[in-house]
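Colleague: this one's structure only:
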Ligand SMILES: Nc1ncnc2c1ncn2[C@@H]1O[C@H](COP(=O)(O)OP(=O)(O)OP(=O)(O)O)[C@@H](O)[C@H]1O
């Protein structure tokens, strides 16, 4: 379907309301942490399932090897001191040194494999998750996007998915390694010497208390930083999009003041979080030092009593060096997990959102249509209790051109939205060639309805790609023929690379009129039986408009067409002009009939005529 979005039809007041809403949603989205939720963890786990058979055994094996060799090395040192050094047994010493070298080599190799495979699995899981999320969002109906500004949808696909990336690439595996390592060290220490082992572990509760209290404060401080950062992002987004308006109204200073204030608040929050973060390291070191003091004070006593050998004491010292690492990391992991919980909840909330415009289970495709259209007692409301269309009836024969006329907000675009099935009526039916459009597949319906919107959407890519968007399999010759037919060819060939000129997002290098000509070519290429032109000629100058009117005659020939135009001169020749007011059809008929009737349409024509002659007289 050749389409262009009409993102904001309701002017700047509404625009600023949207951006304020967007700022709110950014904040809301960053209300970071959520409680630990097992069912969510299980659901995330299902994303690992397809790869688990293939990769998990390698990851588990390498993980086991890394942990075992890590645990074995201090033990080898301890044995080497007690047996090889004490007995001056050089052969045994070589064996111990050789075994240590082998252990280090295995650790290095296994570590490499683990990192490579965990990264691979993590990246695939993230790829799948992002793929599912985006493909689902594409299926969601207009109602979903009505409620959410683009910014908040973007944040979920990028930030929230990214925050899960660490969890999948390192987090899960590191937690396992740390748990096994911690357990292994505890068992080994207690086996070496129960008394000394328990004495050292006296520091664990202290460490745990300090760690949890401080970590909570650190977490909250970083949460605050992220929230403030999001506000800056939202403001930047709004400022860049509205830069032209800011400059036109010379509001740069005001804008800068607002931004500086936000920036300052962000710096203060960052300093606070960073200071708290830095205080964590020394506290851990102090706790570790207490452990070492206990070891050497109590250990020396045990050595003197002959209860513990020097080798065991050295072994203890090496093990407790490795003891704090996993405890520290597990604490960090927990905060990471809570953040990931919040992100996954937001991602699944989108994935679980059902399209309000859904296809019936075994809906057939709409056969090739002729273009008879009927609105049968259609009632529609965007928000409950505020009808946008009241029992609207309209019969259109194949090939007829219908013009929709009326004041702003009278329901013209709503009729188009229902015909394309962007929304479903609350009551009544929309029929095409006698088929209720809710009974056929959406794809088969929309592929036969072309639409050219007021705010033509140009995607980043070449001019050729943009025209070809109407029918992807069209040849270059067909693309050029379509461009020629709507008089777009001349301006295209005058561009630096002709049809291969790259246009940026939203077609910034093109004028409004040129963008509209492109969307005409796009629609012509799609060759739909039903064509909708929404204010399509509004931003084309009079000379181009004359050319376009010619092209439109060809374009509309034999098709059913709906034209929404504020410039009433452009719809004079429509077969049927429908005049709307507050969602109701007030009059309909040909231009001559309605002029003769001297009703609302006549009034609109008179008003426009007066406006134009006053403008010309000035
Ligand atoms: N997405 C939406 N959510 C809520 N209300 C909406 C939405 N879109 C339109 N409306 C409301 O529905 C009514 C009909 O709007 P519609 O866009 O059909 O008018 P229109 O005749 O096309 O106006 P315009 O000429 O300004 O484009 C208006 O009152 C409008 O405020």
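Modeller: Okay, I see it. As the structure is a prediction and not an experimental result, all values here were calculated from the model.
Colleague: can we go C-alpha only for contacts and neighbour counts from here?
Modeller: Noted.
Colleague: Let me know the secondary structure of residue 586.
Modeller: Assigned state for residue 586: strand (three-state reduction, DSSP: H, G, I helix; E, B strand; the rest coil).
Colleague: Just list the residues touching it, thanks.
Modeller: Residue 586 makes contact with 578-580, 600 under the criterion CA atoms under 8 Å, 6 or more residues apart in numbering.
Colleague: quick one: which of those sit in helices?
Modeller: residue 600 (DSSP state H).
Colleague: restrict the contacts of residue 586 to those near the ligand?
Modeller: Subset of the contacts of residue 586 in contact with the ligand: empty, counting by CA under 6 Å from any ligand atom.
Colleague: Compile the contacts of residue 586 into JSON lines and extend it with columns for neighbour count.
Modeller: What follows is the contacts of residue 586, written out as JSON lines (neighbours: other CA atoms under 10 Å):
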{"residue": "578", "neighbour count": "23"}
{"residue": "579", "neighbour count": "24"}
{"residue": "580", "neighbour count": "24"}
{"residue": "600", "neighbour count": "17"}
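Colleague: Inside strands: which ones of the contacts of residue 586?
Modeller: Cross-referencing these against strands under DSSP state E gives 578-580.
Colleague: any idea which of these is closest to the ligand?
Modeller: residue 580 (7.8 Å; CA to the nearest ligand atom).
Colleague: farthest-separated two in the contacts of residue 586?
Modeller: 578 and 600 (10.7 Å; CA to CA).
Colleague: where do the contact lists of these two overlap?
Modeller: Contacts common to residue 578 and residue 600, judged by CA under 8 Å, 6+ apart, are 586-587.
Colleague: rewinding a little: ok, the ones in strands among the contacts of residue 586 vs residue 310, which is closest?
Modeller: residue 580 (96.1 Å).
Colleague: The host helix or strand of residue 563 pairs with which strands, parallel or anti?
Modeller: Residue 563 belongs to strand 560-564 when assigned by DSSP states H and E. Sheet pairing here is set by DSSP bridges, and for strand 560-564 it gives strand 401-406 (parallel), strand 530-534 (parallel).
Colleague: Could you work out which of those reaches nearest to the ligand?
Modeller: Proximity to the ligand, assessed across the strands paired with strand 560-564 by CA to the nearest ligand atom, is greatest for strand 401-406 (6.3 Å).
Colleague: which helix in the protein runs the most residues?
Modeller: Max-length helix for the chain by DSSP H is helix 252-304.
Colleague: Kindly calculate the angle that the very next helix or strand once past it makes with helix 252-304.
Modeller: Where DSSP H and E defines the elements, the next helix or strand beyond helix 252-304 is helix 310-351. With axes from the mean of the first three to the mean of the last three CA atoms, to 10 degrees defining the directions, helix 310-351 sits at 150 degrees from helix 252-304.
Colleague: So for helix 310-351, mean pLDDT?
Modeller: Helix 310-351 carries an average pLDDT of 80.
Colleague: Make JSON lines from the ones in strands among the contacts of residue 586 and add pLDDT and distance to residue 357 to it.
Modeller: Shown next, in JSON lines, are the ones in strands among the contacts of residue 586 (pLDDT from 0 to 100; distance: CA to CA, whole Å):
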{"residue": "578", "pLDDT": "94", "distance to residue 357": "27"}
{"residue": "579", "pLDDT": "93", "distance to residue 357": "28"}
{"residue": "580", "pLDDT": "92", "distance to residue 357": "25"}
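Colleague: residues in contact with the residue nearest the centre of the chain?
Modeller: Residue closest to the average C-alpha location in the chain (CA atoms, centre = their mean): residue 157, at 2.4 Å. By CA under 8 Å, 6+ apart, the contact set of residue 157 is 130, 133-134, 347.
Colleague: Then residue 55?
Modeller: Contacts of residue 55 by CA under 8 Å, 6+ apart are 117, 121.
Colleague: Now do the same for the closest residue to the ligand within the stretch 451-600 of the chain: its pLDDT.
Modeller: For the stretch 451-600 of the chain and the ligand, the shortest gap (CA to the nearest ligand atom) falls at residue 583, measuring 6.8 Å. What the model reports as pLDDT for residue 583 is 90.
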